[in-house]
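Peer 1: The sequence and its predicted three-dimensional model are supplied below.
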Amino acid sequence: MSTILLPALLVSIVLLGIHSYFGIRIIRRGIIFTDLAIGQMAALGAAVSLFFFHGEFLYPLSLGWALFGALLVWTASRRAAHLEAVIGLIYALGIAGVFMLLSKSPHGMEEFQNLMAYDILFTGMDEVPATAVLYAILGIVIYVSEKKAPERVKDVLFFITFAVTVTSSVRLAGVLIVFAILLSPAYIALVLGESPLSVAFFNAHPLIAAWGIGIAINLGSIAISYRMDLPTGYTLVFFHALAAIIMAFVPLRKVTR
């Protein structure tokens, strides 16, 4: 059992490490659907690779489309009115392109499901350290830019590092899992931190709180998927989303209108 579940658990923990940081930043900036939009553009790059090149050049094409999506979001955040509407349309562009290309493939539906929520039970152990090293390098870049870079450069680096992160994550886990792991633990940690009933730890250390919350949900979700023979990816998405939705309706703070 541990041989089967260990890679999935390690992948989900590695994903949590950097995605919780981006989740907190994205919620605070109010650009919630940025992850879905950029992740879907990365998936469009993968679909282009599958359709035109039989799966070759998958990573560079995914990264190129993800960076293009990040450029669109960054430009829209500075110039466009009704930013969330534009981000939603970037997502629609990406998912429509994926459907158009994969509809011509005999294995299109299977490939589409893998792009949305890959069954991480089948992730190879050799991919875990490589992904962890990549995310550690990105984390160092983010930390240094936060301390040293001017605001405009810092903003550009945020979207570039986010696009690189999402491209690698979508390839490992799929768009929906990345979206759930990015937002759910960060959202729960921030809500707990804003509550007058919470301990000071959640307010002072939301990132560490998000890691702990995410690991607990990942452990429970993977164990349930194994016991009930459910698809691991969609089980993770379900319980992450369910936990965040329950937290949204718990009256922990006074709602202002």
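Peer 2: In hand now; what should we look at? Numbering: from 1, shown residues only.

Peer 1: gap between residue 135 and residue 224?
Peer 2: Residue 135 sits 26 Å away from residue 224, going by CB to CB, to the nearest Å. Every C-beta, even on glycine, is put in place using the N, C-alpha and C of the backbone.

Peer 1: Which one's more surrounded, the two?
Peer 2: residue 135 (21 against 15; other CB atoms under 10 Å).

Peer 1: right, and the more buried one touches residue 16 too?
Peer 2: No. Contact criterion CB atoms under 8 Å: residue 135 and residue 16 do not qualify, at 10.1 Å.

Peer 1: what touches both of those two?
Peer 2: By CB atoms under 8 Å, 6 or more residues apart in numbering, residue 135 and residue 16 have no common neighbours.

Peer 1: Mind jotting down where the strands sit in the stretch 151-257 of the chain?
Peer 2: In the stretch 151-257 of the chain, no strands are defined using DSSP state E, counting those that start in this stretch.

Peer 1: for it, what are the low-confidence residue spans?
Peer 2: 197-199, 251-257 (pLDDT under 70).

Peer 1: Look up how far residue 147 lies from the residue nearest to the spatial centre of the chain.
Peer 2: The centre of the chain sits closest to residue 178, judged by CA atoms, centre = their mean, with a distance of 2.8 Å. Remark: distance between residue 178 and residue 147 (CB to CB) = 27 Å.

Peer 1: for residue 62, same thing?
Peer 2: Residue 62 is 30 Å from residue 147, by CB to CB.

Peer 1: Look at the two and report which has more neighbours.
Peer 2: A direct count of neighbours by other CB under 10 Å for residue 62 and residue 147 places residue 62 higher, at 27 against 8.

Peer 1: Touching, the more buried one and residue 166? I think so.
Peer 2: No. Using CB under 8 Å, residue 62 is not in contact with residue 166; the gap is 9.2 Å.

Peer 1: where do the contact lists of those two overlap?
Peer 2: Joint contacts of residue 62 and residue 166 (CB under 8 Å, 6+ apart) are residue 42.

Peer 1: Give the burial count for residue 151, as a bare number.
Peer 2: Residues near residue 151, counting by other CB under 10 Å: 7.

Peer 1: Equivalent analysis for residue 53, please.
Peer 2: 11.

Peer 1: so who does it touch?
Peer 2: Taking CB under 8 Å, 6+ apart, one finds residue 61 in contact with residue 53.

Peer 1: tell me the phi and psi of residue 229?
Peer 2: phi 60, psi 50 (degrees, to the nearest 10).

Peer 1: got it, and residue 82?
Peer 2: phi 50, psi 60.

Peer 1: How many residues are close by it?
Peer 2: There are 9 residues near residue 82, going by other CB under 10 Å.

Peer 1: Over to the one 3 residues further on?
Peer 2: For residue 85, the tally of surrounding residues (other CB under 10 Å) stands at 11.

Peer 1: which SS state does it fall under?
Peer 2: helix (DSSP: H, G, I helix; E, B strand; the rest coil).

Peer 1: The one 5 residues further on too?
Peer 2: When classified by three-state DSSP, residue 90 comes out as helix.

Peer 1: contacting residues around it?
Peer 2: 37, 40-41, 69, 72-73, 76.

Peer 1: make it 10 Å
Peer 2: Neighbouring residues of residue 90 by CB atoms under 10 Å, 6 or more residues apart in numbering: 33-34, 36-38, 40-41, 68-70, 72-73, 76.

Peer 1: just residue 131 next, same as before
Peer 2: Residue 131 touches 10-11, 14-15, 17-18, 123, 165, 168-169, 171-173, counting by CB under 10 Å, 6+ apart.
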